[in-house]
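**Q** need coordinates for the following:
(2 chains, ligands or ions: 2)
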Protein chains: 2
Amino acid sequence: EDQKKQDAVKSSDPYSTDPERHPVLHINNLKPFNAEPPPELLSDSYITPSAIFFKRNHLPVPQVDPATYRLHVEGLPAGVLTLSLEDLKTKFPKHTITATLQCAGNRRSEMNKVKQVKGLNWGIAAISNATWSGAKLRDVLLAAGYSPDVAQWARHVQFDGMDKDVTGSSYGASIPLNKAVSEDGDVLLAYEMNGEDIPADHGFPVRVVVPGTVGARNVKWLGRIIVSSEESSSHWQQNDYKGFSPGTDWDTVDFKSAPSIQELPIQSAITTPAEGAVIDRSEEEVTVEGYAWSGGGREVVRVDVSLDGGKTWRVAQLRTSDRGQEPQPSPPPGRAWAWKLWEVTVPIPPETQELEIICKAVDDSYNTQPDTVAPIWNLRGVLSNAWHR
Amino acid sequence: EDQKKQDAVKSSDPYSTDPERHPVLHINNLKPFNAEPPPELLSDSYITPSAIFFKRNHLPVPQVDPATYRLHVEGLPAGVLTLSLEDLKTKFPKHTITATLQCAGNRRSEMNKVKQVKGLNWGIAAISNATWSGAKLRDVLLAAGYSPDVAQWARHVQFDGMDKDVTGSSYGASIPLNKAVSEDGDVLLAYEMNGEDIPADHGFPVRVVVPGTVGARNVKWLGRIIVSSEESSSHWQQNDYKGFSPGTDWDTVDFKSAPSIQELPIQSAITTPAEGAVIDRSEEEVTVEGYAWSGGGREVVRVDVSLDGGKTWRVAQLRTSDRGQEPQPSPPPGRAWAWKLWEVTVPIPPETQELEIICKAVDDSYNTQPDTVAPIWNLRGVLSNAWHR
Ligand SMILES: [Mo]
Ligand SMILES: [Mo]
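**A** Residues are numbered from 1 along each chain as shown, chains lettered A, B, ... in the order given. Ligands and ions are numbered 1, 2, ... in the order given. Model prediction:
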C-alpha cells in the first residue's frame, strides 16, 4: 500500500527520476536541481570530478535510452541527418578538450548584496573544469551537408535539449555559426566527461560543449541541431542571459536591445582562505588559492593578489595541472579553453587585525576585472566578475 | 651660402625629410614625430581625416620611391617572394576595411598622474579610425607558398619596416600566424588610407593593418614579411609593449614573463565636454560625446555615462557613421574592427556645482573597463583603459 502511494507521488513529480547527487554540494535550488561545490574543493583538483562539477539544470533531468537515442541535424539544404549514439561514436573522429564551463550567474550573490536581482543565489563555485570527448560539431555539420555557401544566409546554430517543461517545450539555445563551423572553435558533441559516459546531470548521452562560451549555450541532453538565419527563439536566448546597464530595471528593460551572452569576460576568485576564515596570528605567511578563467579562448596571463584591500599587489603562480604534475602544453592562441588555478604565499603584514584579500586576473587581450560590483550590477545578476574580496 | 648651410644641417638630421604636419595636432614628441588631434575633433567625424589621424613614429620617416619599392616575403618553403607595388595592386584582389588603430600608450597621461611611467605622455586621442585598402596578407602568403602544413612549425608572422635607426636597424614587430592567415582576420597590406595613397606619416607606400590589434604591430613602410617559429626579435616586440602588475618596477621586471600585447582591451573616452569645461548653468541639459572601441574584433554593445561620479548611469546612443548618415551594416561576429561614436544628452541635476562625468563601455564578450587607474598602473604606462572621467 505504502509503495503504491509512493509511486503515485513519484509519477506526479517530474523530478522524481532525477539522479542522486553528492552530499557535499551546496544546493541553490532542488527542482530543477542547481548546486555548486564548496569553493575549497575547486582548487583541490585541476580537473573537477564530475560528481562535484557544478550542476545547473533548467528543467527535470530527462531519462534517455542510449540505444534509441537519436540526434537530428536540420536546416541544411541536404535535409535532415539523423544520427544514433553509435553513429556519433563511430562515424566521426573522437576529439578531447579540457574546457571550463561557467554559469552566467556565477557570483550572483555578490550582486544581490548591492541590490536584489532575479535568479539563483550562486556563490563563487558555479564554474568547473572537465575533459570532454566527442565528435566535432564542425564534422557533423559537414557530414550533414554544410558548405561555406550556407554562411550566405545562415548565422546561427540552434540546439534543443530533450528536457521538457510541463507544456512540453524543451530547453534551447544557439551560438553564432562561425563558432560552430570554425576549425579552431572546438565545439564538441560530447559523449564523455572526464573519460566516462556523461552523467545524467550533465547531459547523458550527448551534450554540446561550446568552449569559451557561457554555460547556458552548452545544451545538455541534446536532441536537435538546427542551422538557421535566426537565434534560438527560446526564452533563455531571447529574454534571459543578457547584460544590461545598472540603471535598467524591470520596467524599462528591452531584451532586444542587448546581445545574448556568448563569450564570457575575464573572471577569477579566491577559493581559500574562505571568507571570514580566521588565520592564526602565529603564522607568518598565508597561502591564498583560487581559479582564473576567461571566455573566448583567451588565456589567463596573470593574477594579482592584494592583502591590503587593493593598495599593493603580488603576482600569483599559475598552474594548468595538479600540484606536482607536468604543466599542460600551451594552447594555440585563442584556444585556451581551460581555467588556471593559482596560489601565492604572502607574509602577513605585522600589526594586522584583518586581512582584506583581493584577487583580479588579466587575460591575453589584457582585459581586466572591474574593481567593484555596483557599476556592473544588472537586473538578472549575470556577468558578476568584479574583483573578488 | 645659406642654402648650403641649410642643406648640411638637413643631411645631418635624419628627420629633416619628415613630411609637413597639420598645425592642429598636439605634439608629444617632435623627433620621432608623435602627435594626437584635439579630442573634440575625433568625435566630429566617424572616419578620421588622415591629416589629423594620430601619428606614432618610432624613427625618422623613410623616403620610399614607389617605382622601386619591393616587398619581400620570406620564411616559406618555396623561398622568397618579391613583389613590387604594382604587383600588390594588380595581382591580388583589393579589399577595404574600416578599422580603428590605437596606440598601446593611449591615455598614458592618466597613469602618469598616479605614478611616473616611462613613455610619451599621450592624452585620450592616440586612437583614430580610417578606411584601409590593399591586398589581404592571407592572399599574399598563399601566393608565396603558405599551406596549412606550415602551421606545424610556424607560429608568427614578422614585419620589418623600412624606417631605420642610426645603427641601421629597422622597426619590427610580429603577430600570431593564425591572425595572419585566418579568412576572418582581415589583415591587409594596405596601400590606401581613406581612399588615397597612404600618407608618408602612415607608411607610404605600404603598411600592414592588423585590425583589432595594438597599433605597434601595424608596421608602416613595410619592407619584409617573415613567417617564423619565433616572434620578432625587435626591442618593441620583446622588451616593450607588454603589460605588468602595478607592483612590478624596473628593478624586478622580467619582460619574458608577459605576453606581447596583441588584441587590446575594451576602451572608451569622453571627447566633449573637454576636461574642466565650464557649462552654462542656464542650460538644462548637457550633451556628452565620445568614442568606444574594443580589440580582437569584439563589438562595442553599450556605453554607460554617469554625471554623478558613478552613482547612476545612463545608456548612450551609439553610431557607426557620421550624424544623419545611414549606419554601417553590422559586422559579422568577431570582425567589428571600427570604433563607435556615442552621445547622450542628460539633464543637469539641480543644485549641481560640479559635474563628475564618467564613461565606461562594454563589448560583446561583456568585457568592461576597470573603475580606476592605480590597479592597472604599469611601468610602461600601456593599456590605460580605466573609466574615463
Ligand atoms: Mo547558466
Ligand atoms: Mo604604440
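
**Q** mind checking the end-to-end distance for stretch A:328-342?
**A** End-to-end distance of stretch A:328-342 (C-alpha to C-alpha, to the nearest Å): 14 Å.

**Q** please compute how far it lies from its chain's middle.
**A** 16 Å (C-alpha atoms, centre = their mean, to the nearest Å).

**Q** now do stretch A:175-182
**A** With C-alpha atoms, centre = their mean as the basis, stretch A:175-182 stands 18 Å off its chain's centre.

**Q** same check on stretch A:360-372?
**A** Centroid displacement of stretch A:360-372 relative to its chain, using C-alpha atoms, centre = their mean, is 19 Å.

**Q** same thing with stretch A:57-66?
**A** The answer for stretch A:57-66 is 18 Å, by C-alpha atoms, centre = their mean.

**Q** repeat for stretch A:215-235
**A** Relative to its chain's centre, stretch A:215-235 lies at 15 Å (C-alpha atoms, centre = their mean).

**Q** does chain B sit close to that stretch?
**A** No - Stretch A:215-235 lies out of reach of chain B by C-beta under 8 Å from any C-beta of the partner chain, never closer than 11.6 Å. All C-beta spots, glycine's among them, are computed from the backbone N, C-alpha and C.

**Q** start to end distance for that stretch?
**A** 15 Å.

**Q** without its sequence neighbours, what residue ends up closest to residue A:381?
**A** In space, and not counting its chain neighbours, residue A:381 is closest to residue A:117: 3.2 Å by C-beta to C-beta, 6 or more residues apart in numbering or on different chains.

**Q** the one you found in helix, strand or coil?
**A** For residue A:117, the assignment made with DSSP: H, G, I helix; E, B strand; the rest coil gives coil.

**Q** hmm, it is touching residue A:383, no?
**A** No - applying C-beta atoms under 8 Å, one finds residue A:117 not in contact with residue A:383, separated by 11.2 Å.

**Q** can you give me the neighbour number for the residue nearest to residue A:381?
**A** Residues lying near residue A:117 (other C-beta atoms under 10 Å in any protein chain shown) number 18.

**Q** retrieve the pLDDT associated with residue A:107.
**A** Looking at residue A:107, its pLDDT is 98.

**Q** list the contacts for it?
**A** Taking C-beta atoms under 8 Å, 6 or more residues apart in numbering or on different chains, we find residue A:107 in contact with A:122, A:123, A:124, A:126, A:267, A:269, A:384, A:385, A:388.

**Q** over to the third one: give its phi and psi.
**A** The main-chain torsion angles of residue A:124 are listed as degrees, to the nearest 10 and equal phi -100, psi 10.

**Q** check the last one too.
**A** Note on residue A:388: backbone dihedrals following degrees, to the nearest 10 are phi -90, psi 130.

**Q** and the contacts of residue A:107 as TSV, adding pLDDT?
**A** Output for these, formatted as TSV (pLDDT from 0 to 100):
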residue	pLDDT
A:122	98
A:123	98
A:124	98
A:126	98
A:267	98
A:269	98
A:384	98
A:385	98
A:388	98
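
**Q** out of these, which sit inside strands?
**A** Applying DSSP state E to those, the entries found in strands are A:267, A:269.

**Q** contacting residues around the residue of chain A found nearest ligand 1?
**A** Distances between chain A and ligand 1 by C-beta to the ion are smallest at residue A:103, namely 3.6 Å. Neighbouring residues of residue A:103 by C-beta under 8 Å, 6+ apart: A:54, A:56, A:122, A:126, A:127, A:214, A:215, A:216.

**Q** and the last one, that one's in a strand?
**A** When you say that, I think you mean residue A:216. No - when three-state DSSP is applied, residue A:216 is found to be helix, with no strand at that position.

**Q** can you give me the helices for chain A?
**A** For chain A, the helices defined by DSSP state H occupy A:2-12, A:39-42, A:85-90, A:108-114, A:137-143, A:177-181, A:235-238.

**Q** pick the most deeply packed of those helices.
**A** helix A:177-181 (a mean of 22; mean count of other C-beta atoms under 10 Å in any protein chain shown).

**Q** ok, that helix near chain B or not?
**A** Yes - contact of helix A:177-181 with chain B is found when judged by C-beta under 8 Å from any C-beta, involving A:178, A:179.

**Q** which strands and helices lie in contact with that helix?
**A** helix A:137-143, strand A:156-164 (3 or more C-beta pairs under 8 Å, 6 or more residues apart in numbering or on different chains; DSSP states H and E).

**Q** can I get these in a markdown table with distance to chain B and mean pLDDT?
**A** Output for the helices and strands packed on helix A:177-181, formatted as a markdown table (distance: least, C-beta to the nearest C-beta, whole Å; pLDDT from 0 to 100):
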| stretch | distance to chain B | mean pLDDT |
| --- | --- | --- |
| helix A:137-143 | 15 | 98 |
| strand A:156-164 | 10 | 98 |
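
**Q** mind giving me TSV with these and columns for distance to ligand 1?
**A** Output for the helices and strands packed on helix A:177-181, formatted as TSV (distance: least, C-beta to the ion, whole Å):
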stretch	distance to ligand 1
helix A:137-143	20
strand A:156-164	13
